[in-house]
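[1] Here's a sequence, model it:
(chains A and B)
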Protein chains: 2
Amino acid sequence: MDRQFLLAPGPTPVPEEARLAMAKSLIHHRGQEFRVVFGEVRERLGWLFETEQPVLTVTASGTGTFEAAMINFTKRSDTIICIGGGKFGERWGEIGRAYGMNVVDLDVEWGEAVDPQQVADALDAHPDCAMVTLTASETSTGVLHPFEEVAEVIHDKSDALFAVDGITAVGVHRVPMDASGIDILVAGSQKAFGIPPGLGFVAASERAWERAADSDHPRYYFDLAREKKKQLDDQTAFTPGITQIIAAQVVLRMMVEEGRDALVARHQVNADATRAGVQALGLELLASRPANSVSAVLVPEGFSGPDVVRTMLDKHGATIAGGQAHLKPRLFRIGHIGFFDRSDILNALSALELTLEELGMDVERGRAVAAAQGVYADNLL
Amino acid sequence: MDRQFLLAPGPTPVPEEARLAMAKSLIHHRGQEFRVVFGEVRERLGWLFETEQPVLTVTASGTGTFEAAMINFTKRSDTIICIGGGKFGERWGEIGRAYGMNVVDLDVEWGEAVDPQQVADALDAHPDCAMVTLTASETSTGVLHPFEEVAEVIHDKSDALFAVDGITAVGVHRVPMDASGIDILVAGSQKAFGIPPGLGFVAASERAWERAADSDHPRYYFDLAREKKKQLDDQTAFTPGITQIIAAQVVLRMMVEEGRDALVARHQVNADATRAGVQALGLELLASRPANSVSAVLVPEGFSGPDVVRTMLDKHGATIAGGQAHLKPRLFRIGHIGFFDRSDILNALSALELTLEELGMDVERGRAVAAAQGVYADNLL
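    Got it, this is the predicted structure:
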């Protein structure tokens, strides 16, 4: 028997402390006990988002939450610039189109980071732009976009709101919402938080809230103004995902105890170790500017990304992710976002070595593991 | 120390088997293990809904799910008739208005059931009506509306779709979707299912799906046609509430083992026992036609519903629900929907007796309990 390992870029393993808290008898969301939990979660989310604004909890998955983030702060007639470069970056544009907005796609090659100059040019071409959207860490390619520079360009050039999908960035990199000039920031439960999917988190700047009053998109469940009013009173407008909120209390305490910089440093070292490992095997990363949440790895010509994913699972019990869209044949992705430590990474790399060997690649056993050990030795010992 | 009891009409206690399943290591929603779970959940939901149509799982609370149910099967220009009679019945109308539809409110006094003749008259007055909505079991009043007779009237008189919020009806009463002529049926996880909030379930008739193609409401996360395509393949369009789905597998197995009629009979006996108990204390029920999910009880003049709720919690650890809207001062509600047995009901009634005594009512201790015992003796022994 081999243990099963979840090494995808979400959902990520749920710490035992949180799982046991979720197994306790359910409490009612209108009682005092829940209010105390929810108040603590809200406060610590603010700490993680580095914002003075309330961070709202939405009971839906990340996509539902960023749909809410888009439609509450724009109007139907608005022009929005959606920075692509991957499946999730492009999803903002799909949502905008579903709501009949004028969507300007800012194309970025998958694997590349957006050049802030591209954003400047797009704003020059569309001076009426009401919102620019970006996926800070693009899960489909493993790229970290320079969100702070993009924010600067946007605010220099325009009055557009800057909306950031931080679903695989928050808790991995510092994403200081207020200091960076991010107007809307979204995160999701099943990523760095290591809690089960079903919750999203979203905060908005004061100027975004001012514009919310003008929004004319139809919405009911995703009405964030109603949620804000309720949640500032430690309540929710509708029955929330109580169990995940209880898990959030546990993991946010763990994060606060670890410390914001230590949390980022742990992700950095795990990411560096993973990347050193795969590169030691002669494999290349897709991302020109890699995020610390996921490593997207290209397989050499003649090999198949899906075969790597399947063999990792079947022979080693390790769930990694495949490539998405046109990258599916040549890509696999190892997640290291959430409550991972070196044992997870060393195990992943060991399984990867044996997988590639089985698939017929020329692999020197232990090479990737040794490269990762080197990173840990330099950073932790 | 006293155990805490959740006796609200949702969220309801989660059976230990489901809580322990939820505490296991998380699995990935794109793997084979999840597909098997999800396929089983879908099949057994079909059994419970009594439909040949696929029952879709939505990761959101009940309100989000019935918003999805409304906007996928109507057009912006549609006229819809929304049967009121309580907070949730009226919510359908609020959603319709948020989407700019022409909403005809069919007013029903809170506590009364709708008269099918009222629906017939409304359809005569609005022959272009595209959808009639009803909350089968109205959680705010404890009324069971005669949804089968309403369905007959609708289909006799019109081509309107019949959309039913079955959130506190499915799993409590038989709601045979196909045989009753219900076009759209919604249920929610934290009610009869006894799993934590965060999932909704929805099925639609063939003719409803035909109309879905014409819907022009903007939507992305709540696009049910996209979900249908994915879920027929035992996948979901977006990351689902994996943990609650695993819990759903456990509780649906328990329901199937208990049997559909036995499940309904257990709710019937628990409801009868509760009602016999409160009536033995001289209290009156609000509902003219009570549902088996919740008993809404009026307190006599001079007493306060909120005091009952507070004392039940503070002195007896029992979470019951208060009244909603204008009924708040005079109502309390005891839920008996979900995995309850006689020990829960006897405990609730014992706590209620002591609560009312403490609040100054003239109570003969044991009287409510004895009345409930009578019901159990007649039905179970």
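[2] measure stretch A:324-343 end to end?
    One end of stretch A:324-343 to the other measures 27 Å (CA to CA, to the nearest Å).
[3] Distance from the chain centre to that stretch, please.
    Per CA atoms, centre = their mean, to the nearest Å, the displacement of stretch A:324-343 from the mean C-alpha position of its chain is 13 Å.
[4] Buried ones in that stretch, by neighbour count?
    A:324, A:327, A:330-340, A:342 (16 or more other CB atoms under 10 Å in any protein chain shown). Every residue, glycine included, has its C-beta placed from N, CA and C.
[5] again with stretch A:271-291
    By 16+ other CB under 10 Å, the buried positions in stretch A:271-291 come out as A:271-278, A:280-281, A:283, A:285-287, A:290-291.
[6] what is the mean pLDDT for it?
    Per-residue pLDDT over stretch A:271-291 has a mean of 98.
[7] gap between the two ends of it?
    8 Å.
[8] Enumerate residues external to the helix or strand bottoming out on mean pLDDT in chain A that contact any of its residues.
    Between all helices and strands in chain A, the lowest mean by mean pLDDT, DSSP states H and E belongs to strand A:5-6, at a mean of 91. Taking contacts as CB atoms under 8 Å, 6 or more residues apart in numbering or on different chains, the residues outside strand A:5-6 that touch it are A:12-13, A:316-319, A:344, A:347-348, A:351, B:25-28.
[9] Can stretch A:329-337 be said to contact chain B?
    No: applying CB under 8 Å from any CB of the partner chain, one finds stretch A:329-337 separated from chain B by no less than 10.1 Å.
[10] What average pLDDT does that stretch get?
    96.
[11] Quote the end-to-end distance of stretch A:232-239.
    End-to-end for stretch A:232-239, by CA to CA: 16 Å.
[12] What of stretch A:93-106?
    10 Å.
[13] distance between that stretch and the chain's centre?
    Offset of stretch A:93-106 from its chain centre (CA atoms, centre = their mean): 21 Å.
[14] Please point out which parts of that stretch sit buried.
    Neighbour count says stretch A:93-106 has A:Gly93, A:Ile95, A:Gly96, A:Arg97, A:Ala98, A:Tyr99, A:Met101, A:Asn102, A:Val103, A:Val104, A:Asp105, A:Leu106 buried, by 16+ other CB under 10 Å.
[15] Adding secondary structure, distance to chain B and pLDDT, write those out as TSV.
    Shown next, in TSV, are the buried residues of stretch A:93-106 (DSSP: H, G, I helix; E, B strand; the rest coil; distance: CB to the nearest CB, whole Å; pLDDT from 0 to 100):
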residue	secondary structure	distance to chain B	pLDDT
A:Gly93	helix	11	97
A:Ile95	helix	5	98
A:Gly96	helix	9	98
A:Arg97	helix	9	98
A:Ala98	helix	4	98
A:Tyr99	coil	4	98
A:Met101	coil	9	98
A:Asn102	strand	14	98
A:Val103	strand	12	98
A:Val104	strand	18	98
A:Asp105	strand	16	98
A:Leu106	strand	20	98
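[16] roughly how far apart are A:Ser215 and A:Leu283?
    Separation of A:Ser215 from A:Leu283 (CB to CB, to the nearest Å) stands at 46 Å.
[17] for A:Glu17, same thing?
    35 Å.
[18] Ramachandran angles for A:Leu56?
    Phi and psi for A:Leu56, reported as degrees, to the nearest 10, are phi -90, psi 150.
[19] List the contacts of it.
    A:Phe201, A:Val202, A:Ala203, A:Leu224, A:Glu227, A:Lys228, A:Gln231.
[20] ok, the fourth one touching A:Gly200?
    No: using CB atoms under 8 Å, A:Leu224 is not in contact with A:Gly200; the gap is 11.0 Å.
[21] Between which two of the contacts of strand A:5-6 is the distance greatest?
    Within the contacts of strand A:5-6, two members stand farthest from each other by CB to CB: A:Ala351 and B:Leu26, at 18.7 Å.
[22] The least confident helix or strand of chain A pairs with which strands?
    When pairing is defined by DSSP bridges, strand A:5-6 lines up against strand A:318-319 (parallel).
[23] mean confidence score for the strand it pairs with?
    Average pLDDT, strand A:318-319: 96.
[24] Heading C-terminal from it, find the next helix or strand.
    strand A:321-322 (DSSP states H and E).
[25] So which other helices or strands are in contact with that next one?
    If contacts are counted by 3 or more CB pairs under 8 Å, 6 or more residues apart in numbering or on different chains; DSSP states H and E, strand A:321-322 sits against helix A:305-316, strand A:331-335.
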